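Chemist: I need the structure of the sequence given here:
(2 chains)
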Amino acid sequence: MEKVKKKIGSFSFWNWVIASIIFRLILIYFPKNLNLSSRPEVSTPLTSFRRLAEGYWLKQSSMSPYAGSMYHGSPLLLSLLGPLTINRIEGQPNHLLYSLVSVIADVVSAMLIRATGQNLRLAYLRSLESLHLVKQIEVSEFLFSGDIAALIYLCNPFTIVACVGLSTSPIENMAVILCLYGACSRLIPLAAFGWVIATHLSLYPAILIIPVIFLLGCGPDSPPRKLFLQRHQQKEVLNQSKLPPRFSWGPIIHFAFWAFLWSVYVLVLCGISLKQFGGLWEMFKSTYGFILTVEDLSPNIGVLWNFFLIVFHVNILFMILPLAIRLRHRPCYLAFVYVAICSMLKSYPSVGDSALYLGLLDMQFSLFLFCGYVGVSLLSPVMHNLWIWRGTGNANFYFATAMVYACLQIVLVVEGVSAMLNHDRKLRNLITGKPQDAKS
Amino acid sequence: MALLRRPLLLLLLIVTHQFLQFRIAFGSVNEEGQKQEEFYEELLLKPLPDRKLLTHFHFQSSTPPSTSNGRHHHLFPKAISQLVLKFQVKEMELSFTQGRWNYESWGGFDPIPSGNAKPPGVELWAVFDAPQHLIDALWKNLTHTLSGLFCASINFLESSTAYSAPEWSFPPASGKLRYGTLPREAVCTENLTPWLKLLPCRDKAGISMLLDRPSIYRGFYHSQRLHLTLTGSGSEGMDPGIILEQTLTVVLQPGSQRASLAYASEKHIQPSWSLSSIFGKQISGRCVLAETSNVYFLLDRGLVAELEHIHKENEKSEENVLISEKFWTNPSFELSAKPDRIFVEESSLLSKNASVLYKFEIEKYSESEPFDLGLFWKTPVVWLCQQAPLHASRFLMGSGNERGAIAISLKSTQSSEGFMGSNSNDERCELRVDVFQVVPWYVKVYFHSLQVFVDQQPKAVSDIIEKIHVSPSKDKVSPGVMELVLTLPCSVSSAVLTIEFDKGFLHIDEYPPDANQGFDIPSAIVSFPNFHARMVFLENDSLNKSPLLSKFQEKSPVMSYTEVLLVPLTTPDFSMPYNVITITCTVFALYFGSLLNALRRRVAEEERFLKDKAAKKMGRIPLLLSKLLAKLRGRHLEGPQAPPASSSFINSKSVLKVILIAGLAACWQYYFS
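Modeler: Numbers count the residues shown, from 1 in each chain, chains lettered A, B, ... in the order given. Next up, the predicted model:
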C-alpha cells in the first residue's frame, strides 16, 4: 500500500483524473454498453436507467410515472434526466448524454472528496497541533490523503461500472458527498441541500444527519474533550482559549432551518411535477414504501433478497447510537461507517453504493479484503449467469457470492472501526505520556 | 353421493313431468298475453378443408321481461336468472376451451370462428349494470358463483392480478366490463355436465343426445360457451328478459376406418361421415320443449365455388346443381337425408360466391325413425376457408430467465386481397387493427420499448399506432393492459410489434405447485373493426325463428385470438428457505457481534491494563502478547475477572429482557395478524 501511495504521489493528480475520465468515455463507446445496464449488481429497481426511461415515457403519455411498479425514483430526477433518455445525437451511442452526466457527477464527487480530504487533513493537523503532537506524527503521510481518496473513488472499478452502466447511483453518491463536504467546510446551506437531496433520492442517507450534526457542532476533527482535560490536568495549565469549542448549537439550528427550507423546496417541486397525477402521497408510497417493504424480489448483491421474510429494516438503525457515542469526535469517519452499513444492509444494494464508501475510505486496505472484493466481483456475474441464463445453477450459487460480499463488508466496517479506535487510543496514550509503541 | 343423487333425480323427473303438463296447459292461456319462455336447439355441421368436420351446437333459452313475481321459470335455468339478478350482470360470456382454433385452415372470417373460437382454458367477461365502485366486488362474487356452477377454478379470477378492465378495445366497449382468463384451466366432462344441466332436456332428448363425451373430448378442438344478454331491461319492477346462448363447438376428425380406403384415389377425397359414425349416436326425435329443433349443413363459399367449378367441367350445364332438386345426388357428394330447405347466402359485394345452407327439421323424426345425416364424398375437393385479413400470431424472443420480448406478428393472408380491393377506392387505404393484450404482473413490460416493424422496416411508433391505452402492471396488485389501434396500409404484407419485458421474481409462497413448468401469458385479442363477420341468407322471414341464423346475420367485427405464451420464470431453491434464513441470520450475528465487540473493547482493555499494571509491573511485550491472545480467544480472558456477585442482578435483568422481547413479539404478531 505504501508503494501505491508513493506512486500516486509521484504522478500528477490531474493526470490520473483525466486518465479515468478517458477510460470511462472509452467504455461508454463500447457497443451496447457491455450490457452493464442490465446487470443486477449495477442497476437495482431503484437505480435502473431503463426504469427511469419507462417512468419518463409514462409521464410523457400523461400518466403517473408511478402508475406501474416500474419507476421508484424521485420525480425531480425524472424531469431532469428524463429528456436524456430520449434525446439522441446522430451516430453516437444511444445514451451518450446520460453517460456524460454521470461522468460529470463522478468527477464532481471526486473533487468534493478531495476538498473534504484536504479540509479534514487541515483540521486534523490543527487538532494535533493543539495537542502539541505534530512532531511525533509523520506529517507527510497525511499530505495526499484527499487526493488519494479522490483517485480511489475515480479509479475504483465499482464506480466506473456504476457510471458506465447507466444507473442513477453516481448522482445519489454525489448528493451524499455534497452533504459531507458542505458539513466539513461549514457551508451549512450546502450541507443541508446535500442531505435533503440524498435523503430524497434514496432515503438511507437520512441517518447521515447525526454525523452532520457532529461535524457542524464540533468541527470536522476534534479530539475528545476528555483528552484535553487529561492533558491539561497533567501539565496543570488551564488554557481555556486552546480548548476545542464545545458543542455549539448555533450551526445546528442554522442547519435545521436550511434543511427545512430545502425540503419544503424539494417537496414543492415534486408536488408541482406530480400535480396532475396523484400528488405527493403516491410518490412517498412508491419510493420510500418500495424501499421499506421490499416488493421487488429480484436477486441483487444484498443479503436480503433471498431472505423471503419480512425484513427488519430497523437493523440499520440498531448500530447508529453505539457508533455515534464512540465515534462522536470523528464525525467524518462516522459518516463513512454509516454509509458502509447502509450499503450493506439496504434492500436494493448495488456496487455503486460500495463505490461510495470505498471512495470515502482512506485507510489501509488489506490484501485479504482486496482479494475478496475481486473474487466477489468476478464470481457474482458468473453465478448469476449460471442461475438465470443457463439454468444450470440455482439461487444458492448466487446467494453464496452475496453472502461473501456481505461478510467482506462486515469485516471492513469492523476493522475500520477498530482501527480508528486504536488510533485514538494511541493518541491518548501519547498525550497522557504513557509509553506506547510507535506501531500498533 | 350416488345414493343420494338417484332419488333426487327421480324426484326431479316426476316434477318435470308434472310441470310439463302444467306448461302445456298454461301455454294456450298465455298465448295472447305475454311472451313465453322459449328454447331452441340447433346443430350446424360444416366440413373443413383439412379433412375435419366442424360441429357447432347452439342452444338458446330466453325468458321475456316479466314482473317481479315471475321468478318461477318454466324452461329457463333458475341458477342463471338468479345470477343475473343478484350480480346485476348486463352481459356475460364464459367459455371453456381445449385445443387451439387453427385459423389458417379452419378459417377466421366466418361468424363461427369469429364468435366461437376462444383462447385455451377459461375466458370470462362480464358487463355489469351497477355503479363503478361496486363492480369489482360483484365480479368477485360472480367468479365464485360460476366456479361453483361449473365445477371449475374460475374463482382464481377473483384476485385483482387475474382480471382487467379494458377501456375500449374489447368489443362490447364499456367502462363496466371486466375481463379475465385462466389459460391453464383443464377442461373436461365435469365442466360439460353442469353446462348440460342448464338445458331443459339435458342430454336425454333432442340434439344434445349426440353429446357423447368420449367422441367430444377426442376432438381437436372443443369450446363450450355460455353467453348471457339482457333484453329490454324494462321499467321498474320488471325483471329483465334474459337470452342465454349456449354453444359447443367441436372440431372432429371423421372416422378414418372407412371401408372405401381400398381405392387409390381415395386418399385425396374428403372423409365421408355420418352423425352416427362421429358421435356413435343418432338423433331420435326433438326435445319436446324446444320451439325449433334443426340441423344445418353448411358449405362455405370456397367449397361451393369449387364444387360448381367441378360440376361445370363435368356436365357443362348452367343450372346450379347445389340448389336444384336433385342436389343430394350431385357428382361431388351425396347426402343421406333430404333437406327440408336450402338457403343461399346473399352474395355480397366482397365475393361472388355464396355459401349454401341445408336445413333438416328434426320434428319429422322419431325414435323408430332416427335422424342420421351422412355425407359421402365422390370426388376429391380442395378448397380454402375464408380468412381474416391478417393472420395474427405471437411469440417470445430472447433467452434466459432475466428478460425477453413479446412479438405480435400480423401476416397478410392471401385471401384477403379481395377485401383490400374493395377498400382501395379511397385515396388512402388503411386497415385498422385493434390489439388487446393483458400481461400478468410478473412479466414487467417496458412500454417505452414498443417497436413497430412494417414489412421488416422499423417504423416510428406514432405513424402506425393511432391510439394507445396502457395501464402498467402493479406488483402483486394488477396486471398490465395494453390496448392499441393500429392503422396499417392495405398493401402491408407483414407487421410486427415487439415489446420488451423483465421477468419478475415471485415470493416463495406465490409459486404454483409446478413452478418449473412456466407461467402463461394469456392470448392477445386482435380484431378488425372494419370487417364484419356476417352471413346473410335469402328468405329472411323464415329465418327469424332460428337464433343461430339470426346470430349469423349480426354485424360483429372479425376477431381472432393469438397463442398462449409460456414464460419460464426463475425459481428459488424451494428446499432452502430455512437454510437461507439461518445463514442470513448468522451473517447478521457476525455483524452485530463483531461491531459491538470492536466498540466496547476499549473499556475492557483499559480496565485490564490498569489492573495488570497494578498487579505486577509487567513488561510491555508480554502485555501485548496477552492482549493479542485475548483478541484471538475473544473474551475468554475476561471471563474469570467478571464479578460473580452480580449474577442475581443479571438474572433479574435477563428475565426483564425476556419479558420485553416476548411482549414485542406479541405486539408484532398482533399487528400483522
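Chemist: please make it C-alpha for all contacts and neighbour counts, starting now.
Modeler: Noted.
Chemist: excluding sequence neighbours, find me the nearest residue to whatever residue of chain A ends up closest to chain B.
Modeler: Here the residue of chain A nearest chain B is residue A:389; by C-alpha to the nearest C-alpha that distance is 4.0 Å. Spatial nearest neighbour of residue A:389, chain neighbours left out: residue B:400 (4.0 Å); criterion: C-alpha to C-alpha, 6 or more residues apart in numbering or on different chains.
Chemist: ok, residue B:72 next?
Modeler: residue B:78 (7.6 Å).
Chemist: then residue B:370?
Modeler: residue B:284 (4.3 Å).
Chemist: ok, that neighbour - contacts?
Modeler: Counting by C-alpha atoms under 8 Å, 6 or more residues apart in numbering or on different chains, residue B:284 touches B:205-206, B:365-371.
Chemist: same for the lengthiest helix in chain B, what does it pack against?
Modeler: Taking DSSP state H as the criterion, chain B has its longest helix at helix B:577-615. Here helix B:577-615 touches helix A:320-326, helix A:395-432, going by 3 or more C-alpha pairs under 8 Å, 6 or more residues apart in numbering or on different chains; DSSP states H and E.
Chemist: and with 7 Å instead?
Modeler: helix A:395-432 (3 or more C-alpha pairs under 7 Å, 6 or more residues apart in numbering or on different chains; DSSP states H and E).
Chemist: what angle sits between the helix it packs on and helix B:577-615?
Modeler: 20 degrees (axes from the mean of the first three to the mean of the last three C-alpha atoms, to 10 degrees).
Chemist: helices and strands around helix A:395-432, which ones?
Modeler: Counting by 3+ C-alpha pairs under 7 Å, 6+ apart, the packing neighbours recorded for helix A:395-432 are helix A:225-235, helix A:331-345, helix A:367-384, helix B:577-615.
Chemist: now do the residue nearest to residue B:370 against residue B:369, distance only.
Modeler: Between residue B:284 and residue B:369 the computed distance is 7 Å (C-alpha to C-alpha, to the nearest Å).
Chemist: kindly report the same for residue B:193.
Modeler: From residue B:193 to residue B:369 the distance is 28 Å (C-alpha to C-alpha).
Chemist: could you do residue B:304 as well?
Modeler: Distance from residue B:304 to residue B:369, by C-alpha to C-alpha: 31 Å.
Chemist: need the three-state assignment for the residue in chain B that chain A sits nearest to.
Modeler: Residue nearest to chain A within chain B (C-alpha to the nearest C-alpha): residue B:400, separated by 4.0 Å. Secondary structure state of residue B:400, per DSSP: H, G, I helix; E, B strand; the rest coil, is coil.
Chemist: does it really touch residue A:386, like I thought?
Modeler: No. Using C-alpha atoms under 7 Å as the test, residue B:400 is too far from residue A:386 to be in contact (9.9 Å).
Chemist: residues near the residue nearest to residue B:72, how many?
Modeler: 14 (other C-alpha atoms under 10 Å in any protein chain shown).
Chemist: and the pLDDT at it?
Modeler: Model confidence at residue B:78, given as pLDDT, is 87.
Chemist: backbone dihedrals for it, please?
Modeler: phi -70, psi -40 (degrees, to the nearest 10).
Chemist: and the helices in the stretch 1-150 of chain A, which stretches?
Modeler: Taking DSSP state H, counting those that start in this stretch to define them, one finds helices in the stretch 1-150 of chain A at A:2-10, A:13-28, A:49-60, A:75-86, A:96-130, A:145-155.
Chemist: what's the angle between the fourth one and helix A:49-60?
Modeler: With the same axes, to 10 degrees as the criterion, the two stretches helix A:75-86 and helix A:49-60 enclose an angle of 100 degrees.
Chemist: equivalent analysis for the longest one, please.
Modeler: Orientation note: helix A:96-130 sits at an angle of 120 degrees relative to helix A:49-60 (the same axes, to 10 degrees).
Chemist: in helix A:96-130, what's buried?
Modeler: For helix A:96-130, the buried set under the neighbour-count rule, 16 or more other C-alpha atoms under 10 Å in any protein chain shown, comprises A:96-128, A:130.
Chemist: that older thread, the helices of the stretch 1-150 of chain A into CSV, with extra columns for distance to chain B and mean pLDDT?
Modeler: Compiled in CSV, the helices of the stretch 1-150 of chain A are given as follows (distance: least, C-alpha to the nearest C-alpha, whole Å; pLDDT from 0 to 100):
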stretch, distance to chain B, mean pLDDT
helix A:2-10, 25, 47
helix A:13-28, 21, 83
helix A:49-60, 6, 85
helix A:75-86, 10, 80
helix A:96-130, 17, 80
helix A:145-155, 24, 75
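Chemist: with adjacent residues omitted, what lies nearest to the residue most central in space within chain B?
Modeler: Most central in chain B under C-alpha atoms, centre = their mean is residue B:123, positioned 2.8 Å from the mean C-alpha point. Spatial nearest neighbour of residue B:123, excluding adjacent residues (C-alpha to C-alpha, 6+ apart): residue B:181 at 4.4 Å.
Chemist: which other residues reach the helix or strand hosting that neighbour?
Modeler: Using DSSP states H and E, residue B:181 sits in strand B:177-182. Strand B:177-182 is contacted from outside by B:121-128, B:157, B:162-166, B:522, using C-alpha atoms under 7 Å, 6 or more residues apart in numbering or on different chains.
Chemist: picking up where we left off before, what is the rounded mean pLDDT of the longest helix of chain B?
Modeler: Mean pLDDT, computed over helix B:577-615, is 76.
Chemist: which elements pack onto whichever strand or helix holds residue A:163?
Modeler: Assessed by DSSP H and E, residue A:163 sits inside helix A:157-164. Helix A:157-164 sits against helix A:13-28, helix A:96-130, helix A:169-184, helix A:351-360, with contacts defined as 3+ C-alpha pairs under 7 Å, 6+ apart.
Chemist: swap the cut-off to 10 Å and go again
Modeler: Packing contacts for helix A:157-164, counted by 3 or more C-alpha pairs under 10 Å, 6 or more residues apart in numbering or on different chains; DSSP states H and E, involve helix A:13-28, helix A:96-130, helix A:145-155, helix A:169-184, helix A:351-360, helix A:367-384.
Chemist: and of those helices, who's closest to residue B:332?
Modeler: The closest of the helices and strands packed on helix A:157-164 to residue B:332 is helix A:367-384. By C-alpha to C-alpha, the value is 64.8 Å.
Chemist: quick one, what contacts residue 381?
Modeler: Here I'm looking at chain A. Residue A:381 sits next to A:39-41, A:387, A:398, A:401 when contact means C-alpha atoms under 10 Å, 6 or more residues apart in numbering or on different chains.
Chemist: wait, I meant chain B there
Modeler: B:49, B:268-270, B:303, B:306-307, B:310, B:332-333.
Chemist: got the contact list for residue B:661?
Modeler: B:655, B:667.
Chemist: ok, back up a step: mind listing what's buried along the helix or strand just after the strand holding residue B:181?
Modeler: With elements assigned by DSSP H and E, the helix or strand that comes after strand B:177-182 is helix B:189-197. Judged by neighbour count using 16+ other C-alpha under 10 Å, the buried positions of helix B:189-197 are B:191-192, B:195-196.
Chemist: what's helix B:189-197 packed up against?
Modeler: Against helix B:189-197 (3+ C-alpha pairs under 10 Å, 6+ apart) you get helix B:135-150, helix B:213-217, strand B:221-231, strand B:241-252.
Chemist: could you export the third one as CSV, CA atoms only?
Modeler: Which is strand B:221-231. C-alpha atoms of strand B:221-231 as CSV (Å, rounded to 0.1, in the frame of the first residue of the first chain):
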residue,chain,number,x,y,z
TYR,B,221,-60.7,-28.5,-30.5
HIS,B,222,-63.7,-28.0,-28.4
SER,B,223,-65.1,-24.9,-26.9
GLN,B,224,-68.1,-24.7,-24.7
ARG,B,225,-69.5,-21.3,-24.3
LEU,B,226,-72.2,-19.6,-22.4
HIS,B,227,-73.4,-16.2,-23.4
LEU,B,228,-75.9,-14.1,-21.5
THR,B,229,-77.6,-11.0,-22.7
LEU,B,230,-80.3,-8.9,-21.2
THR,B,231,-83.2,-7.9,-23.4
